[in-house]
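Trainee: Compute the structure for the input listed below.
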Amino acid sequence: MTDSLRRIVSTLNEVAETSLVWPRGLMHPGGPHRVLTGTLFPVSIGEDECAVFGRLIERFRPERTFIVGNAFGFSSCYIADVMRQYGGRSVVTLDSEVEGRGQACAAIARRLADSLELSLLTNKKGQSPDDTAWAVENEQQDLVFIDGDHGHPQVTRDFEAILPHTAEHTIFVWHDFWLPGIFPCLQVAASYGFRWLWLPTSCEMVIGVRDTGMFAELQGMFSFGVENRQPHSPLVAPAILTKALALQAWEVLAKPVRSRRHTRSRIQGDV
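Mentor: Numbering: from 1, shown residues only. Here you go, the predicted structure:
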């Protein structure tokens, strides 16, 4: 665990109660991921996926980053914390604050950023694509992370809304390739001149850029990545979601039972 990740995890544990899910990864070895205790969604990116962002920021030193989707702030705070070390100037998130316990998540995200003194991070409430231009204030972005609604065509709408505020060197990152809305967006991105690399992280990340020299560097950095990977079968996502939801639901329901049993055992032991 890096110093940045250790700071984020430690501070998050101070401002909210969270639980680990997919401790060994979802689609591939990786993780763990986090949720607010007692909820099923939203789920944070995995610790292995934080490491990908860490490598990108260390190598390319983005000054400005835009993030679609923020939930309780785990990934945005990690990105901002690493960027702070490498001269980053601004991280802006845009989130509608409706997924799961949306307002509670947003409040935790802001407390987390404040506790970490991440002055370069601004969390904004709004809806992509309508509020994208307002959120970025027409500043050119160097790194874009798309992790909002994963349905089609919303992912493509998110991508095309931020595209005018990017350059050839801007790196795009998509999360959850295994969900069906990502691949159609990647096809659209290719029509704009993007080359993209699929990474076998816990929930499958994709990194794309228009600059050919930078893409060659990405291939060198992530030699295990696959360019233009074909999408999964349409049956994969429903099967994975059903299994993941069942496991998470069991944990949510079983934890209070286990806690009561532990309390009874401790009381009986004291007696």
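Trainee: Mind checking the pLDDT average for stretch 224-240?
Mentor: Averaging pLDDT along stretch 224-240 yields 95.
Trainee: Contacts for that stretch, please.
Mentor: 26-27, 177-180, 183, 190, 195-200, 207, 218-219 (CB atoms under 8 Å, 6 or more residues apart in numbering). To be clear about C-beta, it is placed using only N, CA and C from the backbone, and glycine gets the same treatment.
Trainee: for stretch 158-169, same thing?
Mentor: The contact list for stretch 158-169 (CB under 8 Å, 6+ apart) reads 60, 66, 68, 128-129, 132-133, 136, 138-142, 144, 146, 148-149, 172, 185, 188-189, 192, 209-211, 214.
Trainee: Can you give me the end-to-end span of that stretch?
Mentor: In stretch 158-169, first residue to last residue: 19 Å (CA to CA, to the nearest Å).
Trainee: cool, and stretch 83-95?
Mentor: By CA to CA, one end of stretch 83-95 lies 20 Å from the other end.
Trainee: Sort out which residues of that stretch are buried, please.
Mentor: Going by neighbour count (16 or more other CB atoms under 10 Å), the buried part of stretch 83-95 is 83-84, 88, 90-95.
Trainee: got it, and stretch 102-118?
Mentor: For stretch 102-118, burial by neighbour count (16+ other CB under 10 Å) applies to 105-113, 116, 118.
Trainee: Now do the same contact list for residue 85.
Mentor: Contacts of residue 85 by CB under 8 Å, 6+ apart are residue 4.
Trainee: got the contact list for the residue nearest to the spatial centre of the chain?
Mentor: Central residue of the chain (CA atoms, centre = their mean): residue 45, 4.4 Å from the mean position. Each residue near residue 45 by CB under 8 Å, 6+ apart is listed here: 33, 74-75, 147, 175, 203.
Trainee: any idea whether it is helix, strand or coil?
Mentor: Classification of residue 45 using DSSP: H, G, I helix; E, B strand; the rest coil returns coil.
Trainee: Where does pLDDT dip in this protein?
Mentor: The chain contains residues with pLDDT under 70 at 251-271.
Trainee: Let me see the ranges of the strands in it.
Mentor: For the chain, applying DSSP state E gives strands covering 18-21, 33-36, 64-68, 90-95, 121-125, 141-146, 166-175, 195-199, 205-209, 226-227.
Trainee: circling back: just curious, which of the contacts of residue 45 is nearest to residue 15?
Mentor: When the contacts of residue 45 are compared for distance to residue 15 (CB to CB), residue 74 wins out at 11.4 Å.
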